[in-house]
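**Q** Need the 3D shape of this:
(chains A and B)
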Amino acid sequence: MYLRTRTALKSMKRHSLCNLGGTVRPAPQRWLNRMVFLCFREGKKMVDFSTEEGRKRYRHTSSHILAHAVKRLWPETKLAIGPAIEDGFYYDFDREGTFNKEDLDRIEETMRQIIKENLPIERIELSRDEARKKMESLGEIYKIELIDELPEGEKISFYRQGDFTDLCAGPHLESTGEVKAYKLTMVAGAYWRGSEKNMMLQRIYGTSFPDKGMLKEYLDRMEEAKKRDHNKIGRELKYFMTADCVGQGLPIMLPKGAKVLQILMRFIEDEETNRGYLYTRTPFLAKSDLYKISGHWYHYRDGMFLMGNTALIDESGETTDGSEVFALRPMTCPFQYHAYLNESRSYRDLPIRYAETSTLFRNESSGEMHGLIRVRQFTISEGHLICTPDQLEPEFKGALDLATYVMRCIGLDEDVSYRFSKWDINNKEKYVGTAAEWEAVQTTMRKILDDLGLDYREADGEAAFYGPKLDIQIKNVWGKEDTLITLQIDFQQAKLFGMEYTDRDGTKKFPYIIHRTSIGCYERTLALLLEKFAGALPLWMAPEQARILPISDKHIPAAKEICDEMRKQGFRVGTDERDEKIGKKIRQAQLEKTPYMLVVGDKEMEEKTVSVRSRYEGDLGSMTLDAIMVKISEEVKTKAIF
RNA sequence: GCCGAUGUGGCUCAGCGGUAGAGCAAUUCACUCGUAAUGAAUAGGUCGUGAGUUCGAUUCUCACCAUCGGCUCCA
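**A** Just a heads-up that it's a prediction; the model follows:
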């Protein structure tokens, strides 16, 4: 059972504001929630910026001011949508030519004007016909499309500020003058309604705050985030690298990165074994025949690396000359199903919990890759729980328990949210199975989640093609969410593969399958760890736990001896034998975030001690070698998170 | 794949239509050192790749590759 020790907790407090080798400890997103003065009122109801509603309203009005400014500068621009988002807002525009840096400056200047004019913002309601006519007269084709899709009977509202009117549900601030501090941050392409079949629009992102200080605080925090971005420090601290000629999304894990992954893998494999998982080791590639059974061939082929004469694959998915096509595995499921199929199964055999530390290959689109967060080859803690309907609930809960335990141990249990990912009823061809089956399994899953008292949100269209998921999402330094862990209920694949078990009454039945990860993707986890701890990984995961620093070259033999002894005891240590002064060796170890530095000089050789320096607390004085080894192993054993 | 930005020695960055500089790192030498950088010297780049414009391209144009931020997707 994992427990944070008293000392660990104390240290956490002590270090919470402490400088970690040049970077300040994280406080992701929390600053957003602090109380701020009331910045506007509407009727009797006070709304303030410390509430989500208040921020939304503030940013939404900001986006209207942005659109207003763009319309003033380029009247021919067509408006799409411009919502408030977390930390800011954006507006999508359709315009000939692109927005460059100078354009953004001009837009900001015009926004300043509009704010200075302090235009009152008023709500106007129009009938559908009037609304449509108004937008037609302005040539706002995107707005017309939006109006046509509004449900019958719904009031169609517009908001007007000066000579600018926009279709909008609101609500808004009372006048443009209330926006005090704002900044346009970037331009990006975005498809109309998010579909690549549609027109590519230009999206301008920005943010706004009720005072300049808060804006500056936000911008500073973004600068800070840049400093702890895993893609930067992971390369600087030599955890991984990429090489152009290897290819996009194919990082090379350097010794430090590889060591952390090994530590994590061993931890997971041991923990899962303790919890009754059975390990498999399955091929990295298979014939298309396998993926045809699983449905990947029809629902996921674009995401797979294919080998063979792929040019001959026709619309039905067959090669025109009947030749074989292989594919690198994008998931392990179909292989583990065959492990199940290897013998006939009875209800007495269930549940069967298969796990594999599984390297997968997915042909992500080229614009998608990002450091270690999104890559084309990665390794996950994959597993499939094959169970009877009765076992579905306890197995699901067990898998979730494992996941939350793991998150706590590695220190990634903050800024986490749960997403219940469901299918999209309007997009049935993306999924396997009937509507009735989907509704049934989603109802079951919702019941389990409610039963667990989980605070989750529902998301349509986020399910896997074979079933709904519980995604555990985590925010990275930029505040962007990524899936850390996923638990999926699959009610289709057992049928597709003919996986049966003989029930108590002698009849054959199809089991349920839970696809799950316990730590998710190892590479991604490493990235999140590097960001969360600004490269200073907790001792139990640190690739180098201590470095022995001889004062001068006559102390090198003693340092080596200490190093050998500690390695023998299972510690990850090294020595710095360079001909440099101790100050320089310490500086370097400190910059490389080495948890403990053990200084050896005349005094220590005489006293048979080492002088201990912690990366957080500095000089701790001298200790015997045994004492420091006990201290380190205690920290490792409790998996203390600093 | 699409939109935008970027690409100069191992790293961080200057610079410029006339074939390149700094700091750190590296190497060598001296110093034998006590808790975040000892000093000196040396070496290292066909300026992402390819094509075009030009008397001449690292600098201008185009294509490709890679990186970064978005969109779609997703662990």
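**Q** So for chain A, the centremost residue is which one?
**A** The residue lying closest to the centre of chain A (C-alpha atoms, centre = their mean) is A:D482, at 1.9 Å.
**Q** so how many other residues sit close to the closest residue to RNA strand B within the stretch 201-350 of chain A?
**A** Nearest to RNA strand B, among the residues of the stretch 201-350 of chain A, is A:Q248, at 3.6 Å (C-beta to the nearest atom of the strand). To be clear about C-beta, it is placed using only N, CA and C from the backbone, and glycine gets the same treatment. A total of 15 residues lie near A:Q248 under the criterion other C-beta atoms under 10 Å.
**Q** quick one: which helix or strand includes it?
**A** Under the criterion DSSP states H and E, no helix or strand holds A:Q248.
**Q** For the residue nearest to it when sequence neighbours are not counted, give me its contacts.
**A** In space, not counting the residues next to it along the chain, A:Q248 is nearest to A:M369; the distance is 5.1 Å by C-beta to C-beta, 6 or more residues apart in numbering. For A:M369, the contacting residues are A:248-249, A:375-376, by C-beta atoms under 8 Å, 6 or more residues apart in numbering.
**Q** between the residues you listed, which is nearest A:R266?
**A** A:R266 lies nearest to A:V375 out of the contacts of A:M369, by C-beta to C-beta, at 21.8 Å.
**Q** related to what we said a few turns ago, next, give phi and psi for the residue nearest to the centre of chain A.
**A** Main-chain dihedrals, A:D482, degrees, to the nearest 10: phi -130, psi 160.
**Q** which parts of stretch A:131-147 are buried?
**A** For stretch A:131-147, burial by neighbour count (16 or more other C-beta atoms under 10 Å) applies to A:131-132, A:134-135, A:140-144, A:146-147.
**Q** and the gap between A:L549 and A:Q588?
**A** Separation of A:L549 from A:Q588 (C-beta to C-beta, to the nearest Å) stands at 9 Å.
**Q** neighbouring strands for the host helix or strand of A:D166, and are they parallel or not?
**A** Assigned by DSSP H and E, A:D166 falls within strand A:164-167. Strand pairing for strand A:164-167, determined by DSSP bridges: strand A:156-161 (antiparallel).
**Q** Of all residues in the stretch 101-250 of chain A, which one is closest to RNA strand B?
**A** A:G189 (2.3 Å).
**Q** and what of chain A?
**A** For chain A, C-beta to the nearest atom of the strand, closest residue to RNA strand B: A:G367, 1.8 Å.
**Q** Wasn't that residue part of a helix?
**A** Yes - the assignment for A:G367 is a helix, going by DSSP: H, G, I helix; E, B strand; the rest coil.
**Q** can you give me the helices for the stretch 51-200 of chain A?
**A** Remark: helices assigned in the stretch 51-200 of chain A by DSSP state H, counting those that start in this stretch are A:52-73, A:101-116, A:128-138, A:141-149.
**Q** shaky segments in the stretch 51-200 of chain A?
**A** Along the stretch 51-200 of chain A, the model assigns pLDDT under 70 to no residue.
**Q** thinking again about what came up before, Throw the helices of the stretch 51-200 of chain A into a markdown table and include distance to A:M541, thanks.
**A** Below are these laid out as a markdown table (distance: least, C-beta to C-beta, whole Å):
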| stretch | distance to A:M541 |
| --- | --- |
| helix A:52-73 | 34 |
| helix A:101-116 | 41 |
| helix A:128-138 | 56 |
| helix A:141-149 | 49 |
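**Q** looking at those helices, which is buried most?
**A** A comparison of these by mean neighbour count, using mean count of other C-beta atoms under 10 Å, puts helix A:52-73 on top with a mean of 23.
**Q** Kindly calculate the angle that it makes with helix A:128-138.
**A** If you take axes from the mean of the first three to the mean of the last three C-alpha atoms, to 10 degrees, helix A:52-73 sits at 40 degrees to helix A:128-138.
**Q** Could you check helix A:52-73 against RNA strand B for contacts?
**A** No - judged by C-beta under 7 Å from any atom of the strand, helix A:52-73 stays clear of RNA strand B, getting no closer than 14.4 Å.
**Q** cool, and stretch A:128-147?
**A** No - Stretch A:128-147 does not reach RNA strand B (C-beta under 7 Å from any atom of the strand); its nearest approach is 14.4 Å.
**Q** First-to-last residue distance for that stretch?
**A** One end of stretch A:128-147 sits 7 Å from the other (C-alpha to C-alpha, to the nearest Å).
**Q** Just the CA atoms of stretch A:554-573, as PDB, please.
**A** Extracted C-alpha coordinates of stretch A:554-573, given in PDB (Å, rounded to 0.1, in the frame of the first residue of the first chain):
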ATOM      1  CA  LYS A 554      43.600  11.800  -5.300                       C
ATOM      2  CA  HIS A 555      40.100  11.100  -4.100                       C
ATOM      3  CA  ILE A 556      39.000   9.300  -7.200                       C
ATOM      4  CA  PRO A 557      39.900   5.700  -6.000                       C
ATOM      5  CA  ALA A 558      37.800   6.300  -2.900                       C
ATOM      6  CA  ALA A 559      34.900   7.700  -5.000                       C
ATOM      7  CA  LYS A 560      35.100   4.600  -7.200                       C
ATOM      8  CA  GLU A 561      35.000   2.300  -4.300                       C
ATOM      9  CA  ILE A 562      31.900   4.000  -2.900                       C
ATOM     10  CA  CYS A 563      30.300   3.900  -6.400                       C
ATOM     11  CA  ASP A 564      31.000   0.100  -6.700                       C
ATOM     12  CA  GLU A 565      29.600  -0.500  -3.200                       C
ATOM     13  CA  MET A 566      26.400   1.400  -3.900                       C
ATOM     14  CA  ARG A 567      25.900  -0.300  -7.300                       C
ATOM     15  CA  LYS A 568      26.300  -3.600  -5.600                       C
ATOM     16  CA  GLN A 569      23.500  -2.600  -3.300                       C
ATOM     17  CA  GLY A 570      21.300  -1.700  -6.200                       C
ATOM     18  CA  PHE A 571      21.600   2.000  -6.300                       C
ATOM     19  CA  ARG A 572      21.800   4.000  -9.600                       C
ATOM     20  CA  VAL A 573      25.000   6.000  -9.100                       C
END
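**Q** what is the rounded mean pLDDT of it?
**A** Averaging pLDDT along stretch A:554-573 gives 96.
**Q** Could you do stretch A:603-619 as well?
**A** Mean predicted lDDT for stretch A:603-619 stands at 94.
**Q** and the end-to-end length of it?
**A** Termini of stretch A:603-619 sit 15 Å apart (C-alpha to C-alpha).
**Q** what does stretch A:197-217 contact?
**A** A:31, A:36-37, A:39, A:49, A:58-59, A:62-63, A:66, A:70, A:80, A:87-95, A:98-99, A:104, A:107, A:179-192, A:218.
**Q** If you could redo that for stretch A:291-303, that was the one I meant.
**A** A:288, A:304, A:317, A:327, A:330-331, A:333-334, A:337, A:362-364, A:430-432, A:465-466, A:492-493, A:496-497.
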